[in-house]
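1. Let's see this in three dimensions:
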Amino acid sequence: MDISEFRQRAVEFAPILRARKERLAPADEWYPYGTLNNFNTLEELLSGEHRDLSRLLDTGPIADIGAADGDLSFLLHSMGYDVDIIDNGATNWNGLRGARLLAADVGPGVTVHEIDLDSQFQLPRHYGVAFFLGILYHLQNPFYALLHLARSARYAFLSTKIAQVTADGTVRLDRAPVAYLLAADECNNDATNYWIFSDAGVRRLLDRTGWEVLASTRGGCTTDSEPASLERDERAFYFLRSRVAVESAV
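-> You can find the predicted model right below:
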């Protein structure tokens, strides 16, 4: 199934999921951002043979890491896929209550695992594909997380905030494989925002942790983006293949 068909399924599934959420809990208890919109970017990201997303997803179970309420997981579950939600209740928007309510409502097929990715964690099993969207810059130890993920999943989709200059604009970051460490209140007053990499920094990190970048795209502020400002926020998306995945993940 082509990625464009997945994007259309996401459009059709969004109101169904919204109605289910309204039935289960008040609106202000749910994660407020539309995570299914990521399929618009995935359609831009994938090309050639990789546009056949179903071929990739058929390589094994799917991990949705940093899943918020698990919207992506429940879409894929509705299409017959075996999905694990992996998130940390302490930092999740609603303590994983939303994901658990939805998982109980839909029945078997989506399992919620509460795992602290800032610990020396182990994933529950090996995966064909992992979705790792919008979580990297919230991790204190992104190197360990990506290294362990590379051993546990054959493919991954990763998105993260990146920056081209420092917050005061005086130092360029885009020419070097570096990361900027945010102050606790510097970006959206969110102390769980840590490392904002340059694009070169993300690529160096991926290479050192066992990943091959098959495709990438960038959006938002693509000129002089910086780590702290919401107005000059830039996001990068990467389609990855592990070089070190164990045999049972392949």
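2. what residues are up against the residue nearest to residue 78 when sequence neighbours are not counted?
-> Excluding its sequence neighbours, the residue lying closest to residue 78 (CB to CB, 6 or more residues apart in numbering) is residue 13, at 6.2 Å. The C-beta positions use only the backbone N, C-alpha and C, and glycine is treated the same way. Contact analysis of residue 13 by CB atoms under 8 Å, 6 or more residues apart in numbering lists 36, 74, 75, 78.
3. mind listing the strands in the protein by residue range?
-> Here the chain has its strands, by DSSP state E, at 62-65, 83-87, 110-114, 127-133, 153-162, 179-181, 195-197, 211-220, 234-242.
4. Could you dump the ones you listed into TSV with distance to residue 28, mean neighbour count and mean pLDDT added?
-> TSV is the format used below for the strands of the chain (distance: least, CB to CB, whole Å; neighbours: other CB atoms under 10 Å; pLDDT from 0 to 100):
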stretch	distance to residue 28	mean neighbour count	mean pLDDT
strand 62-65	23	26	98
strand 83-87	19	25	98
strand 110-114	21	18	97
strand 127-133	23	24	98
strand 153-162	25	24	98
strand 179-181	32	18	97
strand 195-197	29	26	98
strand 211-220	26	16	98
strand 234-242	26	21	98
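5. Residue 44: which of these is closest?
-> Nearest to residue 44, of all these, is strand 211-220, at 5.4 Å by CB to CB.
6. who touches the closest one?
-> 41, 44-47, 50, 146, 150, 156, 162, 199, 203, 206, 233-243.
7. what's the answer for stretch 159-167, then?
-> Residues outside stretch 159-167 that contact it (CB under 8 Å, 6+ apart) are 38, 41, 132-137, 171-174, 180, 186, 196-199, 201-202, 218, 223-229, 233-238.
8. Can you list the low-confidence ranges for this protein?
-> Applying pLDDT under 70 to the chain picks out residues 247-250.
9. So for it, the centremost residue is which one?
-> In the chain, the centroid-proximal residue (CA atoms, centre = their mean) is residue 133; its distance is 1.2 Å.
10. And that one, how close does it get to residue 23?
-> Distance, residue 133 to residue 23, using CB to CB, to the nearest Å: 26 Å.
11. Please apply the same query to residue 202.
-> Applying CB to CB, the value for residue 202 to residue 23 is 39 Å.
12. who has more neighbours, those two?
-> residue 202 (26 against 9; other CB atoms under 10 Å).
13. List the buried residues of stretch 92-107.
-> Of all the residues in stretch 92-107, those buried under the rule 16 or more other CB atoms under 10 Å are 92, 93, 94, 96, 97, 98, 99, 100, 101, 102, 103.
14. The last one contacts residue 96, correct?
-> No: counting by CB atoms under 8 Å, residue 96 is not a contact partner of residue 103; they are 9.6 Å apart.
15. what touches both of the two?
-> Contact with both residue 103 and residue 96 is made by residues residue 112, according to CB under 8 Å, 6+ apart.
16. Identify the residues contacting residue 148.
-> With contacts defined as CB under 8 Å, 6+ apart, the neighbours of residue 148 are 121, 122, 123.
17. burial measure for the closest residue to residue 193 other than its chain neighbours, as a count.
-> Spatial nearest neighbour of residue 193, chain neighbours left out: residue 187 (4.4 Å); criterion: CB to CB, 6+ apart. Using other CB under 10 Å, residue 187 has 23 other residues around it.
18. Settle this for me: residue 187 is touching residue 232, isn't it.
-> No: using CB under 8 Å, residue 187 is not in contact with residue 232, being 11.2 Å away.
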